[in-house]
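Novice: Quick one, what's the 3D model for this:
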Amino acid sequence: MPTTDYQRPPTLYRYDQRATLERALTQGEFRLQPATHCLTLSFSQAWNPELFDRFGGVDSCLIIHHTEEFGERLHRAVQKALPNWAGIDGPIDYRQRSHLGATFSKTPAEAREQEWLFAWRPLNSVSSRNPVVVRLGSLEAFAELREKDTHVS
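Specialist: Numbering: from 1, shown residues only. Model (predicted):
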């Protein structure tokens, strides 16, 4: 069962290539990336034009407006795909080690990312070293794509 220690921010931002984000918007397709002993999916809590350059090759941003609905749908989709995994999401701590663990901790130099992280760990000793793709269904009712040069207030 997903656990949230924090209320999700009102908006989440995912910076990536347009083709990847179009699949995210229309199909709810996301690729969970392997990290130390878990799988993760990262978002920013802020619109920041500098992040387009920081992530290299990024030309678009998926903006999710109803983050509670999104987060619950994401956790359900991962639970269906990986039934023996536990999920959690929360902010990255850039000052000290997060009480959520090392996965939720980064250096002060990375603070401009204002990251919100979704992470899943196996309940047994088996972990995936490969990305896992999940599909939540269309997000078009509460999300949108923006280009790099679009101003967001």
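Novice: Residue most distant from the centroid, the protein?
Specialist: residue 125 (23.9 Å; C-alpha atoms, centre = their mean).
Novice: how close does it sit to residue 7?
Specialist: According to C-beta to C-beta, to the nearest Å, residue 125 and residue 7 sit 33 Å apart. In this view, the C-beta of every residue, glycine as well, is placed from N, C-alpha and C.
Novice: One more: residue 31?
Specialist: Taken as C-beta to C-beta, the span from residue 31 to residue 7 is 26 Å.
Novice: And the two? Which one has more around it.
Specialist: More crowded of residue 31 and residue 7, by other C-beta atoms under 10 Å: residue 31, with 14 against 8.
Novice: so what's that one up against?
Specialist: If you count contacts by C-beta atoms under 8 Å, 6 or more residues apart in numbering, residue 31 has them with 41, 131, 132, 133.
Novice: Next one, pLDDT for it please.
Specialist: On pLDDT, residue 31 comes in at 97.
Novice: quick check, it in a strand?
Specialist: Yes. Using DSSP: H, G, I helix; E, B strand; the rest coil, the secondary structure at residue 31 is a strand.
Novice: now the helices for the chain?
Specialist: Ranges of helices in the chain, per DSSP state H, are 18-27, 50-54, 67-81.
Novice: residue contacts, the residue nearest the centre of the chain?
Specialist: Of all residues in the chain, the one closest to the mean position by C-alpha atoms, centre = their mean is residue 42, 3.1 Å from it. Going by C-beta under 8 Å, 6+ apart, residue 42 touches 14, 33, 115, 116, 117, 118.
Novice: Roughly how far does the second one sit from residue 101?
Specialist: In this structure, residue 33 lies at 16 Å from residue 101, with C-beta to C-beta as the measure.
Novice: cool, and the fifth one?
Specialist: For residue 117, the distance to residue 101 (C-beta to C-beta) stands at 11 Å.
Novice: Might one say that residue 60 is in contact with residue 146?
Specialist: Yes. Residue 60 lies in contact with residue 146 (C-beta atoms under 8 Å); the separation is 6.7 Å.
Novice: Sweet, I'm off.
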